[in-house]
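[1] Okay, predicted coordinates and the sequence, questions at the end:
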Amino acid sequence: MALTEMGAKELADLIAQGGVSAEEAVMATLERIQQTEPCLQALLTVCPEQAISHARELDRSGTSETRGPLAGVPVIVKDNICTAGIKTTCASRMLADWVPPYSATVVERLQQAGGIVVAKSNLDEFAMGSSTENSAFGPSRNPWNVACVPGGSSGGSASAVAARQAPLALGSDTGGSIRQPAALCGIVGLKPTYGRVSRYGLVAYASSLDQIGPMARSVRDVALLFQVIAGGDRKDSTCVSMPASDYEAACIADVRGLRIGVPREYFASGVQAEVASAVRTAVDTLSDLGAIAEECSMPSTSWSLAAYYIIAPAEASSNLARYDGVKYGFRAHAAGRGHIGMAERTRAEGFGREVKQRIMVGTYALSAGYYEAYYKRAQQVRTLIRRDFERVFERYDVLITPTSPTVAFRLGERAEDPLAMKLADTCTLPANMAGVPAISVPCGFHDGLPIGLQIMAKPFDEVTLLRAAYTYEQATDWWRRSPEL
Ligand code: GLN
């Protein structure tokens, strides 16, 4: 089997047994990147020198026990996660040349585990979008059909993993940005519970919603990377100190007695019939394996979209205030305009259209006189959404829904229709609003494009989440298919 076809666990085992060196694994990945990048544009920076030198160091050092669970495995990192010495652009002109002086905690942890960062992946500018079309450096493409978007905002990571550029990637998820592109590219993506993974070194979009998470082609590989990055961090006060569970051990095929809720609001109009039916078939598959599934209701679901698109821009408007031409990155030439003029010019030239729009919406929603009507009400709605989850989780262990209402759409198709674009997030936003963990797993195809199934669980119960996802995956073979490129 080609090295690039192997999953992370298989590859790590092969390297540990001495069947192949870390350097050979990295070289195979770099070659695959070279072959597939021209048609995908999944990556913004490839770092061959650093990757090869890390691999050589690893090949020379230690025994297989001391080298860590990811020893020699290539990993792609979304370009809003800081990597010391490697550009971190957020797909924005604002940070086009910015090289962070430090690495995110997740990057440090994956490197300590022997993982090798080979590239930084494309995204919607500052993670704002659902298609990667908002990248200042051009869109990425879906390996199943290059005329289609890979989803977003972690579209580059999803496209890269589906195209076998690397077995593992990191994404970030504020309203669906790991799960929706995972669904659209036919891979697995996990948004952990808010507070399970450190956000230190993740460039902030909406801090009360952002989480970093793993993306891979199988549930087991997602669990492997999750194990490495999960756990407390003194550098992020919102990251809980509770130790991580054994997520790899959670991957057992057994759902006997598992109680599944299927909230009907997630199958409302706008969900493609083929998507709804693939998801219902998946629920039947789990029922045949001994789970107990039942329809349920989460009435506040339909308000998620409106509330999210107040809260996320409000937090963004405050987080993005730091890009003033002084502290970070780009500075516009504005001779004779003074400090304010320079800052204005910098922000006008440095940010793209979508980012500016969100800053304006967020600033408006937070301003005196409008705060009560918009921001405060959105927070009240958020409480109602959280209560919906608390209520259904008294009865069910997990919830199952579609991840995205539709399969991948064509590039440009929704670019001029912001509402249609945002409707792509309807099924994923509630998990961020409530802080609960959620995973997307492949569950079928329509028109040659992958369909994703979303499973959600109680806060910090990723073990049950992974067990349900693994059981479903092992009973089907959607995840084994690979796109022809
Ligand atoms: N599509 C959503 C947005 O644009 C979610 C993005 C994300 O999760 N980063 O805000």
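    Looks like it came in fine. Numbering: from 1, shown residues only.

[2] Surely Leu399 is in contact with Arg259?
    No: with contacts counted by CB atoms under 8 Å, Leu399 stays clear of Arg259, the gap being 10.0 Å. Backbone N, C-alpha and C define where each C-beta goes, glycine included.

[3] next one: stretch 141-155 to chain centre, how far?
    From the chain centre to the centre of stretch 141-155 is a distance of 14 Å (CA atoms, centre = their mean, to the nearest Å).

[4] My reading is that Leu253 is in a helix; is that accurate?
    Quick fix: residue 253 is Ala, not Leu. No: assessed with DSSP: H, G, I helix; E, B strand; the rest coil, Ala253 is coil; it does not lie in a helix.

[5] so what's it up against?
    Shown in contact with Ala253 (CB atoms under 8 Å, 6 or more residues apart in numbering): Leu289, Tyr470, Thr471, Gln474, Ala475.

[6] The first one - how many residues pack around it?
    Put plainly, it is Leu289. A count of nearby residues for Leu289, using other CB atoms under 10 Å, gives 17.

[7] For the residue lying closest to it once chain neighbours are set aside, what are phi and psi?
    Nearest residue to Leu289, sequence neighbours excluded (CB to CB, 6 or more residues apart in numbering): Val255, at 5.2 Å. For Val255, the backbone dihedrals are phi -120, psi 20 (criterion: degrees, to the nearest 10).

[8] repeat for Arg32
    Dihedral angles of Arg32 (phi, psi; degrees, to the nearest 10) stand at phi -60, psi -40.

[9] So it sits against Thr4, correct?
    Yes: counting by CB under 8 Å, Arg32 touches Thr4, with 4.5 Å between them.

[10] what touches both of those two?
    With CB under 8 Å, 6+ apart, Arg32 and Thr4 have common neighbours Arg164, Gln165.

[11] near the ligand, which residues of this protein?
    When proximity is defined as CB under 6 Å from any ligand atom, the chain approaches the ligand at 127-130, 153, 173-177, 205, 312, 425.

[12] By neighbours, which of these wins?
    Ser177 (36 neighbours).

[13] hey, where'd the helices end up in the stretch 301-450 of the chain?
    304-319, 338-350, 353-366, 377-392, 418-423, 429-434 (DSSP state H, counting those that start in this stretch).

[14] hey, which of these is tucked in deepest?
    Ranked by mean neighbour count, the helices of the stretch 301-450 of the chain are led by helix 429-434 with a mean of 28 (mean count of other CB atoms under 10 Å).

[15] how about the strands in the stretch 1-150 of the chain?
    Counting by DSSP state E, counting those that start in this stretch, the stretch 1-150 of the chain has strands at residues 43-46, 74-78, 116-121.

[16] ok now the helix or strand following the last one, how far from the chain's centre?
    Heading C-terminal from strand 116-121, the first helix or strand you meet, by DSSP states H and E, is helix 155-162. Centroid displacement of helix 155-162 relative to its chain, using CA atoms, centre = their mean, is 10 Å.

[17] Let me know the angle separating helix 155-162 from strand 116-121.
    Interaxial angle, helix 155-162 versus strand 116-121 (axes from the mean of the first three to the mean of the last three CA atoms, to 10 degrees): 130 degrees.

[18] mean confidence for helix 155-162?
    The average pLDDT within helix 155-162 is 98.

[19] quick thing: my sequence starts at 855, can you match it?
    With 855 as the first residue, the last one maps to helix 1009-1016.
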